[in-house]
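Visitor: Structure for this input, please:
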Amino acid sequence: MRIALVSEGTYPFAVGGVSTWCDQLIRGMPDCHWQMVALTVDETQKELWPRPSNLEEARTVPLWGACPSPRHGRPGRPSRPGPNPAAAHSSYRALVHAMLATQHTDPDVAAVARSRFLLALRGLYEYASAGGHLCPILTGNAGLAVLGEAWRAARRDDLALVHAVAAADLLAHLLRPLAAPPVRCDVVHASMNGLSMLVAMAAKWRYGTPIVLSEHGVYLRERYLQYLDDGDVAGPVRVLLLAFYRSLAAAGYLIADALAPHSRYNSRWQVRNGADPERVWTMYNGVSLESFPVADEEPDRPTIVYLGRISPIKDLHTLIRAFASVRAEVPNAALRIFGASVPAEAWYERSCRRLIAQLGLDGAAVLEGPIASPVAAYHAGTIVALTSISEGFPVAVIEAMACGRPIVCTNVGGVTEAVADAGLVVPPRDVRAVARACVTLLADHDLRRRMAAAARARVMRHFTLEESLAAYRRVYQLVTRPATVGSTGTTVAGPVLESAPGAASLLSVPHSRRPATGRSRVARPRALGRVRLHALGSS
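Guide: Presented below is the predicted three-dimensional model:
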């Protein structure tokens, strides 16, 4: 089987939980042939992971820099009709109007808008695949007029030209994956929703390739958090971008053949935003128990460890402030922060260092940078802390639990599903609650010992890498077999798969040809152009 794994800003160009998961998936299925499609800033990123032998290609889709040249035809294939700018303008108009209507208070109107948005994306893809250039469609005078027209219709006021220009330019960058050559494989597996799904959509529309969509965190929620305090983006531009992301996330849920969120928390978000619950599975992350042995002893000094990306979404400011309170009760306590920031978030790492200095914690709280062995980081701590404001189902928590370390973590995403009785869960951004939980665990040896045993046992029972990989293999086999009608509604893979999906995606485009390998025929669900009338209303 040939599988294309799509990521945005992660593997193989960054470290972190999603990158670890990508590497585990590829290495864990050595009999599969893998391609990696990475959405990147430009083409200057360096690969940080050694390539597995079965990773046959790693291509980038740069989102920034100069607009890419349009594609003209396909060698060895019959010529197709040339690009039709009028049709592209019509698709763009439909896309902008739809994305400003997806949050309508009437759920039926919102559902129609989500379907129209997906249809409009298909129109823009067809224009780009015929050799058309998307940038002028979005950023030219006609495109700017479309933004203004849709804004007036939805908001009852005028959109300033400066805001229209800024929003159009950003949308032109974000839609670039539609213009990239579609991947050719048996399955496209998007590691997250959003822009990664544009790559998957192009493959489905060109080759009828089935799509599996995972979500580690909730993509849409993280976009809201990203723009919440972003003073660099003007209000109207922010409204347009969030409308685009909201509509794109819903479109991803509509077109995916199988949705594999990494927690029940994520699955609830998916269903709330239009996903068919019969195609949603909960697929927990897993770890190799052999790779994460239990720590035999604790460090001499009471130590709190964090391992992960140095990023605003991890809210290390709360952890550092809480540690200042911990020191008041446990004077010899230490905080060791392992991990690095990506270049775009280097400012946050600097802010953490400044905060440590301002609170007089130099020498006690240390940002130690990347560490070669995660096990060494977890073993270096008495407890492990995670104070994120958004998570999916963090790999770091499962790894720390496998090492027998109690956890202090915030109640976000699927964290509570992972931790249960293996740690203390507190509200996000609550400095006092984090400090109290850390002091409780550092001061109570018996409680730590019980939680350490519960943590290892919980990983052994629910979160092994072997079971996780077996579940993904079953999903790949399911979406590539001939489509069937209905849903079994049965448990397919123990705790990892909680319900079986229905047939295949409603909104997809079948092709008569076989997939790239020619080994099996892809499921051929209902074509996009024949969507039921109740899904599109009177249109």
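
Visitor: How many neighbouring residues does Arg221 have?
Guide: Arg221: 20 surrounding residues under other C-beta atoms under 10 Å. In this view, the C-beta of every residue, glycine as well, is placed from N, C-alpha and C.

Visitor: quick one, phi/psi of Val426?
Guide: Backbone torsions for Val426, taken as degrees, to the nearest 10, come to phi -130, psi 160.

Visitor: nearest spatial neighbour of it, skipping sequence neighbours?
Guide: The shortest distance from Val426 to any residue that is not its chain neighbour, by C-beta to C-beta, 6 or more residues apart in numbering, is 3.8 Å, and that residue is Ala433.

Visitor: likewise Trp151?
Guide: With C-beta to C-beta, 6+ apart as the measure, Leu159 is the residue that lies nearest to Trp151, at 3.9 Å, once sequence neighbours are left out.

Visitor: SS state for the one you found?
Guide: coil (DSSP: H, G, I helix; E, B strand; the rest coil).

Visitor: gap between it and Val146?
Guide: Counting by C-beta to C-beta, to the nearest Å, the separation of Leu159 from Val146 is 11 Å.

Visitor: Repeat that for Ala256.
Guide: Shown here: Ala256 relative to Val146, a distance of 28 Å by C-beta to C-beta.

Visitor: Please enumerate the helices of the stretch 101-250 of the chain.
Guide: Secondary structure of the stretch 101-250 of the chain (DSSP state H, counting those that start in this stretch): helices at 107-129, 134-139, 141-155, 161-174, 195-207, 219-228, 235-255.

Visitor: Of these, which is nearest Ser7?
Guide: In this view, these are compared for proximity to Ser7 by C-beta to C-beta, and helix 195-207 is the closest at 6.3 Å.

Visitor: quick one, that closest one and helix 107-129 angle?
Guide: 70 degrees (axes from the mean of the first three to the mean of the last three C-alpha atoms, to 10 degrees).

Visitor: model confidence over the strand or helix carrying His89, on average?
Guide: Here His89 sits within helix 85-99, counting by DSSP states H and E. Computed over helix 85-99, the mean pLDDT rounds to 96.

Visitor: Tell me which of the helices of the stretch 101-250 of the chain sits nearest to Gly404.
Guide: Distance to Gly404, taken as C-beta to C-beta, is lowest for helix 219-228 among those, at 30.6 Å.

Visitor: First-to-last residue distance for stretch 322-340?
Guide: 21 Å (C-alpha to C-alpha, to the nearest Å).

Visitor: Kindly report the same for stretch 130-147.
Guide: Using C-alpha to C-alpha, the end-to-end distance of stretch 130-147 comes out at 24 Å.

Visitor: list the buried ones in it?
Guide: The neighbour-count check on stretch 130-147 (16 or more other C-beta atoms under 10 Å) flags 130-139, 142-144, 146-147 as buried.

Visitor: Just the closest of those to Leu100, please.
Guide: Ranking the buried residues of stretch 130-147 by separation from Leu100, with C-beta to C-beta as the measure, puts Leu147 on top at 9.7 Å.

Visitor: Apart from its chain neighbours, what residue comes closest to that closest one?
Guide: Among residues not flanking Leu147 along the chain, Ala164 sits closest, at 4.6 Å (C-beta to C-beta, 6+ apart).

Visitor: Could you tell me how many residues sit around that neighbour?
Guide: Under the neighbour criterion other C-beta under 10 Å, Ala164 is assigned a count of 22.

Visitor: Now do the same contact list for it.
Guide: With contacts taken as C-beta atoms under 8 Å, 6 or more residues apart in numbering, Ala164 has the following neighbours: Leu144, Leu147, Gly148, Trp151.

Visitor: repeat that for 10 Å
Guide: Residues in contact with Ala164, defined by C-beta atoms under 10 Å, 6 or more residues apart in numbering, are Thr139, Gly143, Leu144, Ala145, Val146, Leu147, Gly148, Trp151, Asp158, Pro236, Val237, Leu240.

Visitor: TSV please, covering the residues you listed and showing pLDDT and distance to Val395.
Guide: Converted to TSV, the contacts of Ala164 look like this (pLDDT from 0 to 100; distance: C-beta to C-beta, whole Å):
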residue	pLDDT	distance to Val395
Thr139	95	39
Gly143	96	41
Leu144	96	43
Ala145	96	47
Val146	95	42
Leu147	95	40
Gly148	95	45
Trp151	95	41
Asp158	93	47
Pro236	93	38
Val237	94	34
Leu240	95	34
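
Visitor: which of these sit farthest apart?
Guide: The widest separation within the contacts of Ala164, taken as C-beta to C-beta, falls between Thr139 and Asp158 and amounts to 19.1 Å.

Visitor: Where do the helices of the stretch 251-400 of the chain begin and end?
Guide: Read by DSSP H, counting those that start in this stretch, the stretch 251-400 of the chain holds these helices, from start to end of the chain: 264-272, 316-329, 346-358, 374-379, 395-402.

Visitor: Quick check: next helix or strand after the last one?
Guide: The helix or strand immediately downstream of helix 395-402 is strand 407-410, counting by DSSP H and E.

Visitor: ok now the helix holding His89, how far from the chain's centre?
Guide: On the basis of C-alpha atoms, centre = their mean, to the nearest Å, helix 85-99 sits 27 Å off its chain's mean C-alpha point.

Visitor: Next, the angle from that helix to helix 161-174.
Guide: Helix 85-99 and helix 161-174 are oriented at 100 degrees to each other (the same axes, to 10 degrees).

Visitor: in this structure, which ranges drop under the pLDDT threshold?
Guide: Residues of the chain that meet the criterion pLDDT under 70 lie in 68-80, 483-539.

Visitor: From the centre of it, point out the most distant residue.
Guide: Distance from the C-alpha centroid of the chain, by C-alpha atoms, centre = their mean, peaks at Pro331 (39.5 Å).

Visitor: any idea how far Glu149 is from the nearest residue to Ala160 once chain neighbours are set aside?
Guide: Excluding the flanking residues, the one nearest Ala160 by C-beta to C-beta, 6+ apart is Pro236, at 6.9 Å. The spacing between Pro236 and Glu149, counted by C-beta to C-beta, is 14 Å.

Visitor: three-state assignment of Ile3?
Guide: On the basis of three-state DSSP, Ile3 is classed as strand.

Visitor: Let me see the contact set for it.
Guide: Under the criterion of C-beta under 10 Å, 6+ apart, the contact list for Ile3 reads 25-26, 29, 32-36, 54, 183, 185-189, 212, 472, 476, 480.

Visitor: Show the buried residues in these.
Guide: So, by 16+ other C-beta under 10 Å, the buried ones in the contacts of Ile3 are 25-26, 29, 32-36, 183, 185-189, 212, 472, 476, 480.

Visitor: what about Pro236 and Glu149, which has more around it?
Guide: Each of Pro236 and Glu149 had its neighbours counted (other C-beta under 10 Å), and the higher figure belongs to Pro236 (20 against 14).

Visitor: Run a quick check on that one versus Arg155, I expect a contact.
Guide: Yes. Checked against C-beta atoms under 10 Å, the pair Pro236 and Arg155 is within contact range at 8.4 Å.

Visitor: Ala372 and Thr382: what is the separation?
Guide: Applying C-beta to C-beta to Ala372 and Thr382 gives a distance of 21 Å.

Visitor: what does Arg353 give?
Guide: If you measure Arg353 against Thr382 using C-beta to C-beta, the figure is 23 Å.

Visitor: higher neighbour count, those two?
Guide: Thr382 (23 against 15).

Visitor: tell me, how many neighbours does Ile356 end up with?
Guide: Neighbourhood size, Ile356 [other C-beta under 10 Å]: 22.

Visitor: Not counting sequence-adjacent ones, nearest residue to it?
Guide: Setting aside the residues directly before and after it, Ile356 is nearest to Ala365 in space (C-beta to C-beta, 6+ apart), at 4.9 Å.

Visitor: distance of the one you found from Ala346?
Guide: With C-beta to C-beta as the criterion, Ala365 and Ala346 are 19 Å apart.

Visitor: again, but for Gly131
Guide: Gly131 sits 39 Å away from Ala346, going by C-beta to C-beta.

Visitor: For Ala365 and Ala346, indicate the residue with more neighbours.
Guide: Higher neighbour count among Ala365 and Ala346: Ala365, with 26 against 12, using other C-beta under 10 Å.
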